[in-house]
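Visitor: Pasting a predicted model and its sequence here:
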Amino acid sequence: METEYIKHKYEPILPLKDEWPVVRLSKNRKDFVKKVAESSKKAILEITNGQVDLLKEELETTLYREKQRIKQNPWDVDPEDDYDFWNDVKSALVQISADTTLSKAEKKEQYISILDKITNRYAEEIASNFVHSHYKLTRRIVTFGFGRLLNAARVKGFKSLFSNQYSLQDKIQIVGATDEIRELASKGTIVMVPTHFSNLDSILIGWIISVLGLPPFIYGAGLNLFNIQIFAYFMNALGAYKVDRRKKNLLYLETLKTYSSEAIQYGAHSLFFPGGTRSRSGMIESKLKMGLLSTAIEAQRMNYQKGLTDVGGKVFIVPVTINYHFVLEAPSLIQEYLTITGQERYYRETDEFSTSYKISKFLVKFFTKGSDISVSIGKAMDIMGNYVDNEGNSYDKNGRIINTQDYFTYNGKVNVDQQREEEYTKRLADRIVEEFHKNNRVFSSHLVAFTAFQMIKAENRKLDLFNLLRLPEEEIELDYELFKQRCEEVLKKILELKSEGKVNTAPHLMQEMDALIAHGLDNVGMYHAKRPLIRNQAGNIVTQDMNLLYFYHNRLHGYELEKLF
């Protein structure tokens with residue numbers, strides 16, 4: 001079988017750490033946080049139109065939601081003075097309302113003072129704590145530790161722990177436009193937008209960035225990860241800024257967006273998961289969150305307003321599709337998805353990624369099994385979703401060079417138009433989703449899970465999804481020869497889609513069908529106690545968990561393969 005993935009490590013495009021944008025940003029962290037807080041405050045005042053009543057309403061809404069968060073959903077990672085801070089905000093708001101001697105202008109001034117304190121607090125909470133020495137140590141730990149586990153699995157004997165026969169690139173397959181992203185990272189600012197299936201994604205992408213010789217990226221990581229000690233260390237070391245998804249108030253969301261926008265304008269390469277969170281269904285994301293995505297549009301427009309019209313001021317979007325044979329958190333993710341879509345007919349379960357011990361146990365099992373990961377680096381685009389070349393030039397669908405600045409120009413001048421930028425963000429989101437599907441590499445596990453679930457569904461046409469998932473597993477059995485025939489039909493269609501540039505495939509798909517099916521069955525959900533698919537003693541295909549089978553089947557959702565059944 002062919003191997004088309006990167007097996008070497010690139011030389012750094014910026015050898016000196018002082019040249020790294022993230023290092024410059026960390027050195028100026030205090031001033032940067034202050035700038036983010038001030039810009040956030042300004043944006044909120046613009047949104048409230050300078051009206052005292054609207055500003056008061058937003059402050060009171062923020063206070064209410066924060067008090068509810070502290071009471072109903074506290075986390076260990078929350079600041080120790082959380083309760084006291086918001087009590088002080090409450091006292092200040094009550095005092096302003098009770099003071100009848102204050103004029104409207106004086107009230108506004110005091111409300112702005114409270115707003116200033118909150119945005120400063122939020123900006124400090126969000127800001128990353130990148131330390132170069134920690135980054136180097138983390139990189140060594142990941143490379144050495146994972147490498148030892150990998151060789152322990154494939155080389156017999158005690159000496160295997162110290163063997164370098166296999167590299168992480170044998171396990172984690174990097175494919176796609178790697179040379180292009182290196183070229184563009186040395187010219188402009190990269191915004192990497194990956195799919196998101198597992199909590200491992202953040203560390204995985206951080207390692208990929210290092211292998212490609214790119215300087216560290218800043219990226220948004222869920223604050224929940226900082227609850228886990230081992231992950232908190234890795235997240236901080238890799239340059240993560242914190243995203244608290246419990247906080248839905250305007251003040252926090254604006255501060256978060258401002259942080260991202262200002263960092264991109266600063267020239268810091270950035271990474272965020274545009275789906276917002278891990279895919280609960282197992283599907284490739286089809287609906288993206290517009291908040292952080294819009295910051296790339298805003299940063300590009302701001303750069304043009306500052307007169308940064310050459311390639312150095314350009315923002316490049318790089319979609320990345322991650323493929324796993326199995327996802328550790330799949331049982332809890334699919335249960336949560338079914339709870340939401342099934343109107344509480346399912347109950348949420350505990351997340352398997354809840355402790356450092358479980359993560360360590362998972363990593364050992366993962367690297368001592370034969371399962372692989374694929375990371376597909378997509379072609380770079382500008383903020384409008386147009387492809388760019390290695391020099392940063394944008395091209396329309398007809399292959400003509402276009403000037404991205406024209407998208408922000410009205411009457412010969414770059415101007416602000418929020419409605420226009422909202423439309424641009426939607427357009428960019430659609431293009432990213434399209435690229436996710438194009439770059440997706442079909443694995444054997446995806447093929448067998450999709451085929452099996454669709455066969456079960458076809459045999460029970462009268463059942464809706466939730467009744468289908470309630471079928472007793474012991475009563476489900478697929479004839480192997482028929483299953484093999486249907487797998488061949490699905491694979492044929494996938495290869496047709498590949499020839500049309502609509503999907504990609506892993507090299508291991510190009511083997512004899514019995515071997516391909518065996519490979520898929522060995523790998524799909526290999527970690528789980530109940531396997532999505534196995535062969536029984538009669539040689540037929542059975543499932544031990546319909547929900548998990550549905551989760552892994554969903555990886556091929558969006559290609560209209562269902563029509564084959």
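Guide: Ah, there it is. These numbers were taken from a predicted model, which means no experiment stands behind them. Numbers count the residues shown, from 1 in each chain.
Visitor: Grab the nearest non-local neighbour of Glu435.
Guide: Nearest residue to Glu435 in three dimensions, chain neighbours excluded: Pro319, at 4.0 Å (CB to CB, 6 or more residues apart in numbering). Every residue, glycine included, has its C-beta placed from N, CA and C.
Visitor: The one you found reaches Asn440, doesn't it?
Guide: No - assessed by CB atoms under 8 Å, Pro319 is found out of contact with Asn440, at 10.5 Å.
Visitor: so what's the residue nearest to Glu435 bridging to?
Guide: Taking DSSP bridges as the rule, Pro319 bridges to Val193.
Visitor: Tell me which stretches of the stretch 201-350 of the chain form helices.
Guide: For the stretch 201-350 of the chain, the helices defined by DSSP state H, counting those that start in this stretch cover 201-211, 229-237, 250-265, 290-305, 330-341.
Visitor: Now mean neighbour count too, for the ones you listed, in CSV please.
Guide: Below are the helices of the stretch 201-350 of the chain laid out as CSV (neighbours: other CB atoms under 10 Å):
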stretch, mean neighbour count
helix 201-211, 22
helix 229-237, 19
helix 250-265, 23
helix 290-305, 23
helix 330-341, 20
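Visitor: Using TSV, please lay out the ones you listed together with distance to Leu465.
Guide: Formatted as TSV, the helices of the stretch 201-350 of the chain follow (distance: least, CB to CB, whole Å):
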stretch	distance to Leu465
helix 201-211	27
helix 229-237	33
helix 250-265	33
helix 290-305	28
helix 330-341	8
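Visitor: Comparing those by mean pLDDT, which bottoms out?
Guide: With a mean of 73, helix 229-237 has the lowest mean pLDDT of the helices of the stretch 201-350 of the chain.
Visitor: Run a quick neighbour tally on Met546.
Guide: 21 (other CB atoms under 10 Å).
Visitor: One more: Ile126?
Guide: For Ile126, the count of nearby residues is 23 (other CB under 10 Å).
Visitor: now swap in Asn460 and tell me
Guide: Asn460: 13 surrounding residues under other CB under 10 Å.
Visitor: tell me the phi and psi of the residue nearest to it when sequence neighbours are not counted?
Guide: Nearest residue to Asn460 in three dimensions, chain neighbours excluded: Leu468, at 5.7 Å (CB to CB, 6+ apart). Main-chain torsions, Leu468, degrees, to the nearest 10: phi -60, psi -40.
Visitor: now Leu468: how far from Gln544?
Guide: According to CB to CB, to the nearest Å, Leu468 stands 16 Å off from Gln544.
Visitor: One more: His528?
Guide: Distance of His528 to Gln544, computed by CB to CB: 8 Å.
Visitor: and what of Arg486?
Guide: From Arg486 over to Gln544 the distance is 20 Å, taken as CB to CB.
Visitor: what's the nearest residue to the residue nearest the centre of the chain if we skip its chain neighbours?
Guide: Among the residues of the chain, Phe273 comes closest to the average C-alpha position under CA atoms, centre = their mean, at 2.6 Å. Of all residues not flanking Phe273 in the chain, His196 sits nearest, at 4.0 Å (CB to CB, 6+ apart).
Visitor: so what's Arg470 up against?
Guide: Counting by CB atoms under 8 Å, 6 or more residues apart in numbering, Arg470 touches Met546.
Visitor: need the helix or strand of the chain with the lowest average pLDDT.
Guide: Using mean pLDDT, DSSP states H and E, helix 356-367 stands out as the lowest-scoring helix or strand of the chain, at a mean of 61.
Visitor: What is the burial count for Glu434?
Guide: Burial of Glu434 is recorded as 14 neighbouring residues (other CB under 10 Å).
Visitor: Done for today, thanks.
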